[in-house]
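Asks: structure for this input, please:
(10 chains)
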There are 10 protein chains.
Amino acid sequence: MLFHVRMNVNLPLSMPAEQAAQLKQTEKALAQRLQHEGKWRHLWRIAGQYANISVFDVDSVEELHNLLTSLPLFPYMQIDVMPLCRHPSSVRDDDS
Amino acid sequence: MLFHVRMNVNLPLSMPAEQAAQLKQTEKALAQRLQHEGKWRHLWRIAGQYANISVFDVDSVEELHNLLTSLPLFPYMQIDVMPLCRHPSSVRDDDS
Amino acid sequence: MLFHVRMNVNLPLSMPAEQAAQLKQTEKALAQRLQHEGKWRHLWRIAGQYANISVFDVDSVEELHNLLTSLPLFPYMQIDVMPLCRHPSSVRDDDS
Amino acid sequence: MLFHVRMNVNLPLSMPAEQAAQLKQTEKALAQRLQHEGKWRHLWRIAGQYANISVFDVDSVEELHNLLTSLPLFPYMQIDVMPLCRHPSSVRDDDS
Amino acid sequence: MLFHVRMNVNLPLSMPAEQAAQLKQTEKALAQRLQHEGKWRHLWRIAGQYANISVFDVDSVEELHNLLTSLPLFPYMQIDVMPLCRHPSSVRDDDS
Amino acid sequence: MLFHVRMNVNLPLSMPAEQAAQLKQTEKALAQRLQHEGKWRHLWRIAGQYANISVFDVDSVEELHNLLTSLPLFPYMQIDVMPLCRHPSSVRDDDS
Amino acid sequence: MLFHVRMNVNLPLSMPAEQAAQLKQTEKALAQRLQHEGKWRHLWRIAGQYANISVFDVDSVEELHNLLTSLPLFPYMQIDVMPLCRHPSSVRDDDS
Amino acid sequence: MLFHVRMNVNLPLSMPAEQAAQLKQTEKALAQRLQHEGKWRHLWRIAGQYANISVFDVDSVEELHNLLTSLPLFPYMQIDVMPLCRHPSSVRDDDS
Amino acid sequence: MLFHVRMNVNLPLSMPAEQAAQLKQTEKALAQRLQHEGKWRHLWRIAGQYANISVFDVDSVEELHNLLTSLPLFPYMQIDVMPLCRHPSSVRDDDS
Amino acid sequence: MLFHVRMNVNLPLSMPAEQAAQLKQTEKALAQRLQHEGKWRHLWRIAGQYANISVFDVDSVEELHNLLTSLPLFPYMQIDVMPLCRHPSSVRDDDS
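Replies: Got it, this is the predicted structure:
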């Protein structure tokens, strides 16, 4: 089941550089694990912004919520979620 | 080069059913051709709306514009375009 | 799986009264069937508006989309969908 | 009498973890008591956000206001209230 | 129980003058009856607009909804409702 | 001359409790005096929010501005003002 | 007493040219009379738009409302009104 | 050449009173000099807000920008600029 | 003197194709003449939309307004104007 | 390939003057280098704001993103990007 997720990240300017780097590192590790597991299907950077467009493939809304709130950057993010479903014109079997 | 495109379709209520059906049919044929050509990389339906989220893979902004304006439904659509680029945490080689 | 759905209905002022009445009647019949089936779990009127807040309980996003687009009033509605999940403070077993 | 309430919670990032945990604990206790009393009829989490959709069943607007402002998290919340009433198509007797 | 109601009226420009006059006349008669009954407690014109701010005093949300939807101009109005309650600094006994 | 005024209050979370209490106390005293003088004609709480809807009855815009800016909570408020005038359907002599 | 008024004009595209010209002519005559009377103190065109910024000098809100609603273009206008008062740094005696 | 300028001032609550007073004093002196020079043609207070509507009469956009950015309160202001031109119905020679 | 202008074009769907083509042709001729004259300095298409970003180089706001309102497509356009001036970091002499 | 970029800069008021000056100096040096290289084709100041409109000429979205995020002021900026393409009415060969 696919969900379109937009994440805008706003780290406080006052946050020490090492703390920010540490956060991003753990975020990256978790993001890459979830991608390898197929949960985090797509992850793109929005050009010019510290923000991304993602597509999650999960079994339930609970799973989506738990994944998103488990992200180290979650407290610093504004997140919008839109449920997606297969488009009648889509030719891709794996896009639903 | 990837572009995130949201399309909201508003067909006039007064449009005869056959005209609408014809439009959708030609739209579908073009959309599927472009997907097979790899230009229209992703096409999802936004649940509950006559709208879609798409990701186009094109060689230039001109190409994107020409593809979008060539869609039969273009006159009836509100379109928003966001340039995407590879996310530093992405594990997918084919997602840039 | 629960989805929060807001529906704002805008019937054209020019629509003949009987057509509107017919539409509403078929809409009501379908809405009540879906409620009896447990799909359309809650349906409330927003005071002062021709709009409602609903909660759907479906097995997939596809099912939600098909239900919403099958509503006779769908062409006349603006619909917003938000995925819901169980709140950690909820005491209701049946609210997830 | 039913009211649709959306609560977005924004705890200051600078708040010590224990204080936040304490606040959430007292909030949860009060929320669960009010649910058992039937005042707080529904409480769902909006997926991906520290926010909820609730439906309150109260005897007056004053009661609603007092309940909301008595919540420990009230100072950290942005709250929107919409009055609901029974939908003519609703089949549930207990949903008004 | 008090509700703050803003009504913006948009009569179609194509509506014949007599029809508009007739509508306004029946609207005025109903509005004045409801004021005399104490239901429609305040009715002010927003300067420069075909819109009003009203305060209704009703026994339930249902009653509010029925009153508003019974207005002849309802189909031509955009309505926003906010529940009001007694302010702790109010000196007026009759303002709750 | 009537003005519709919406006041949203945002006290800094870091403000000491006593300072907040003192502010609110002087605000209440001034608000009640102005109500007794007939300047502050209506004062209602918006349910669920630290905000109010007020109606001021003043002799000039200057007087309105001076009253609002003299409120102890003024520096912490977002204020919107709309000029009101007598509605042609109003039955109340004292509502203009 | 001064009011800042923004008027956006939207004449229907379907309106016959002569009707539009006639409307504009009567609008201009009334606007110029009111300027000579000192009621309509300032009238500027917003560059690039069929819209204006005006400042009215009236004795009451009623007078403002009556003037605005008496304009031939009123049914085709979206109007926003803001009450102005003398700025403490203003050096102009006649600007209040 | 006339420009409509709206300035909303947001001084930090933490700013010492004397610093604020000093800022306002130098702002006032500059504002009054510019008015006497004819650059700052109109300056009105928006009732109920720490904001103003101004009309500047300058020889170029550069001059406007330099004047605005030279204001002591500039760092604390949100500024919107709209170019104005003579309205065809204006009777004032000096209003262009 | 430079002005940033965004133009969104909305031709009525009901407009006959020839009329639309004729309009666009005269618009193009005028646009190209103005570009050759140096008035219309830049004209870009916003990808995916029937809209453009332009930069005009004019001697006064009046000139800008007259140029924009003389465009055949003006009645069908929503136009936003922002005054530009030379950026302190710009290296281009001709960009002011 | 051209991209329209709007940058709004919000330096924290608490930032020491020297740090701000240093940031702006390195920003200016980089901006001027990129302009000389042809990447940063246009850079204009929005009158009255600490913001600019820019047009970038890059070979890919990645390049655009890397340039923008490499700007010293990036952490303090809100950036919006719109892809541009050649307008059919443009007479300039170098504007695509």
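Asks: which strand in chain A runs the most residues?
Replies: Of all the segments of type strand in chain A, defined by DSSP state E, the longest one is strand A:77-86.
Asks: on contacts alone, who are the packing partners of it?
Replies: Counting contacts by 3 or more CB pairs under 8 Å, 6 or more residues apart in numbering or on different chains; DSSP states H and E, strand A:77-86 packs against strand A:2-9, helix A:61-70, strand B:40-46, helix C:61-69, strand C:77-86. Quick note: C-beta positions are derived from backbone N, CA and C, even for glycine.
Asks: using a markdown table, please lay out these together with mean neighbour count and mean pLDDT.
Replies: As requested, the helices and strands packed on strand A:77-86 are exported to a markdown table (neighbours: other CB atoms under 10 Å in any protein chain shown; pLDDT from 0 to 100):
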| stretch | mean neighbour count | mean pLDDT |
| --- | --- | --- |
| strand A:2-9 | 20 | 98 |
| helix A:61-70 | 19 | 98 |
| strand B:40-46 | 23 | 97 |
| helix C:61-69 | 20 | 98 |
| strand C:77-86 | 20 | 97 |
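Asks: quick one: residues contacting the residue nearest to A:Leu2 when sequence neighbours are not counted.
Replies: Among residues not flanking A:Leu2 along the chain, A:Leu84 sits closest, at 4.2 Å (CB to CB, 6 or more residues apart in numbering or on different chains). A:Leu84 makes contact with A:Leu2, A:Phe3, A:His4, A:Val55, B:Trp44, B:Arg45, B:Ile46, B:Ala47, B:Ile53, C:Val61 under the criterion CB atoms under 8 Å, 6 or more residues apart in numbering or on different chains.
Asks: mind running it again at 7 Å?
Replies: A:Leu2, A:Phe3, A:His4, B:Trp44, B:Arg45, B:Ile46, B:Ala47, B:Ile53, C:Val61 (CB atoms under 7 Å, 6 or more residues apart in numbering or on different chains).
Asks: which one of these is nearest to J:Pro16?
Replies: A:His4 (42.0 Å; CB to CB).
Asks: name the nearest residue to that closest one, ignoring sequence neighbours.
Replies: A:Met82 (4.3 Å).
Asks: ok, what's across the strand from A:Arg86?
Replies: Bridge pairing for A:Arg86 (DSSP bridges) gives the partners B:Trp44.
Asks: where's it relative to chain H, distance?
Replies: 44 Å (CB to the nearest CB, to the nearest Å).
Asks: give me the distance from stretch A:65-83 to the chain's centre.
Replies: 7 Å (CA atoms, centre = their mean, to the nearest Å).
Asks: C-alpha coordinates for that stretch, CSV please?
Replies: Output of stretch A:65-83 as CSV, limited to C-alpha atoms (Å, rounded to 0.1, in the frame of the first residue of the first chain):
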residue,chain,number,x,y,z
HIS,A,65,3.1,6.2,11.3
ASN,A,66,5.6,4.1,13.4
LEU,A,67,8.2,4.3,10.7
LEU,A,68,7.9,8.1,10.3
THR,A,69,7.9,8.8,14.0
SER,A,70,10.9,6.6,14.5
LEU,A,71,13.0,8.8,12.3
PRO,A,72,15.7,10.6,14.3
LEU,A,73,14.8,13.8,12.4
PHE,A,74,11.0,13.4,13.1
PRO,A,75,10.9,16.1,15.9
TYR,A,76,12.4,18.6,13.4
MET,A,77,10.1,17.8,10.5
GLN,A,78,6.8,19.0,9.0
ILE,A,79,5.3,15.9,7.3
ASP,A,80,2.3,15.7,4.9
VAL,A,81,0.9,12.3,3.9
MET,A,82,-1.3,11.4,0.9
PRO,A,83,-2.6,7.9,0.2
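Asks: which parts of chain A sit against chain J?
Replies: A:Leu13, A:Arg45, A:Ala47, A:Gly48, A:Gln49 (CB under 7 Å from any CB of the partner chain).
Asks: ok, and the closest non-adjacent residue to the second one?
Replies: In this case it means A:Arg45. Spatially, and ignoring its direct neighbours in sequence, A:Arg45 is nearest to B:His87 (4.4 Å; CB to CB, 6+ apart).
Asks: again with A:Val58
Replies: A:Val58 sits nearest to A:Leu64 (CB to CB, 6+ apart), 4.7 Å away.
Asks: next: A:Leu73.
Replies: Nearest residue to A:Leu73 in three dimensions, chain neighbours excluded: A:Glu27, at 4.9 Å (CB to CB, 6+ apart).
Asks: alpha carbons only: can I get the strand or helix carrying the one you found in PDB?
Replies: Assigned by DSSP states H and E, A:Glu27 belongs to helix A:17-36. What follows is helix A:17-36, C-alpha atoms only, in PDB (Å, rounded to 0.1, in the frame of the first residue of the first chain):
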ATOM      1  CA  ALA A  17      27.200  20.900  14.200                       C
ATOM      2  CA  GLU A  18      28.200  17.500  15.600                       C
ATOM      3  CA  GLN A  19      24.700  16.900  17.000                       C
ATOM      4  CA  ALA A  20      23.300  17.700  13.600                       C
ATOM      5  CA  ALA A  21      25.800  15.500  11.800                       C
ATOM      6  CA  GLN A  22      25.100  12.600  14.200                       C
ATOM      7  CA  LEU A  23      21.400  13.000  13.700                       C
ATOM      8  CA  LYS A  24      21.800  12.900   9.900                       C
ATOM      9  CA  GLN A  25      24.000   9.900  10.100                       C
ATOM     10  CA  THR A  26      21.500   7.800  12.100                       C
ATOM     11  CA  GLU A  27      18.700   9.100   9.900                       C
ATOM     12  CA  LYS A  28      20.600   8.000   6.800                       C
ATOM     13  CA  ALA A  29      21.300   4.600   8.200                       C
ATOM     14  CA  LEU A  30      17.700   4.000   9.100                       C
ATOM     15  CA  ALA A  31      16.500   5.400   5.700                       C
ATOM     16  CA  GLN A  32      18.800   3.100   3.800                       C
ATOM     17  CA  ARG A  33      17.800   0.000   5.900                       C
ATOM     18  CA  LEU A  34      14.100   0.800   5.200                       C
ATOM     19  CA  GLN A  35      14.800   1.200   1.500                       C
ATOM     20  CA  HIS A  36      16.600  -2.100   1.400                       C
END
